[in-house]
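>>> predicted model, plus sequence, below.
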Amino acid sequence: MKFDLNDNSKKLIFFDIDEVLVHLLPDFCNFWNEYHGLVGNDRLLFENLKSADITTHTNHDSKYVISIFQKYIKNGAYTNLIPIAHAQNCINDLSEYFRIQCLTSRLMDTYGDTENYIRLHFPSVEKVLFATKYYHGYGPTKPELIKINNGLFIVEDSERYALECANEGIPVYLKNYKWNRHIEHELIKKFNCNSDLLEMVLKDFKK
């Protein structure tokens, strides 16, 4: 789809939050290690993650991992995380041409803190939508929310969500991480730095 980016009817695009706009996983890994008293080679390290799903790196099931994440939320430290380099400039630049909303699969426990964080650090973002199906077992998925709202594309880091969206015909810009390097799809384009994203999008969609 090519269109005039300078017209008055801006198209809607979506951004995931964690590991796209803000690094949450490194901080959560630190919390996990402190909570379990892990030291040395037993520590959970962000740089060693081969999946964005922490469950795959532990001997615990997803219910337990979610319970620890809820403790992490109550700890409140993640609300002070610093945005990823160039993420704010990227959002500001893209907002000249698009309407922008965030789309996350975070637990609903984070709703208020997440909205406040995005409003503070990314004021150009219209609102935050929660794809509750993944962790709560009910409600919409990411592809469903994008389609319902006529979104043009999503910026993601998760291999799972990227493929879900691409398989539903939704273009995806996938930020390169160790856990998604194997992902290949005709509707998925990878990028290394948020500062590169604007140029890629304009090349793909500008008339």
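It's in. Numbers count the residues shown, from 1 in each chain.
>>> from here on, just use CA atoms for contacts and neighbour counts.
Noted.
>>> quick one: the strands in the protein, in order.
Counting by DSSP state E, the chain has strands at residues 11-15, 98-104, 128-130, 151-156, 172-175, 188-191.
>>> what is the second one packed up against?
Spelled out, it's strand 98-104. Strand 98-104 makes packing contacts with strand 11-15, strand 128-130 when contacts are defined by 3 or more Cα pairs under 8 Å, 6 or more residues apart in numbering; DSSP states H and E.
>>> quick one: pLDDT of the residue of the chain most remote from its centre?
Within the chain, G40 marks the point farthest from the mean C-alpha position, 29.4 Å out by Cα atoms, centre = their mean. pLDDT for G40: 93.
>>> which residues in this structure form helices?
In the chain, helices defined by DSSP state H lie at 25-36, 62-75, 87-94, 111-121, 133-136, 142-148, 159-167, 194-205, listed in chain order.
>>> next, the angle helix 87-94 makes with the fourth one.
In other words, helix 111-121. Helix 111-121 runs at 70 degrees relative to helix 87-94, counting by axes from the mean of the first three to the mean of the last three Cα atoms, to 10 degrees.
>>> which parts of helix 111-121 are buried?
For helix 111-121, a neighbour-count test (16 or more other Cα atoms under 10 Å) marks T114, E115, Y117, I118 as buried.
>>> now for that helix, which elements pack on it?
strand 128-130.
>>> any idea of the mean pLDDT for the strand it packs on?
The model assigns strand 128-130 a mean pLDDT of 97.
>>> residues touching it, excluding its own?
Residues from elsewhere that reach strand 128-130 (Cα atoms under 8 Å, 6 or more residues apart in numbering): Q101, C102, L103, T104, S105, R106, M108, T114, E115, I118.
>>> my guess is the first one contacts R119, does it?
Yep, that's Q101 we're talking about. No - contact criterion Cα atoms under 8 Å: Q101 and R119 do not qualify, at 11.1 Å.
>>> on that earlier part again, farthest-separated two in the contacts of strand 128-130?
Using Cα to Cα, these span at most 16.8 Å, a distance reached by Q101 and M108.
>>> show me which of the two is the more surrounded one.
A side-by-side neighbour count of Q101 and M108, using other Cα atoms under 10 Å, places Q101 first with 20 against 15.
>>> picking up where we left off before, mind listing the shared neighbours of Q101 and R119?
Joint contacts of Q101 and R119 (Cα under 8 Å, 6+ apart) are V125.
>>> not counting sequence-adjacent ones, nearest residue to E164?
In space, and not counting its chain neighbours, E164 is closest to P143: 6.8 Å by Cα to Cα, 6 or more residues apart in numbering.
>>> OK, contacts around that neighbour?
E164, C165, E168, I170.
>>> name the member of those residues with the most neighbours.
In those, the most neighbours by other Cα under 10 Å go to C165, 23 neighbours.
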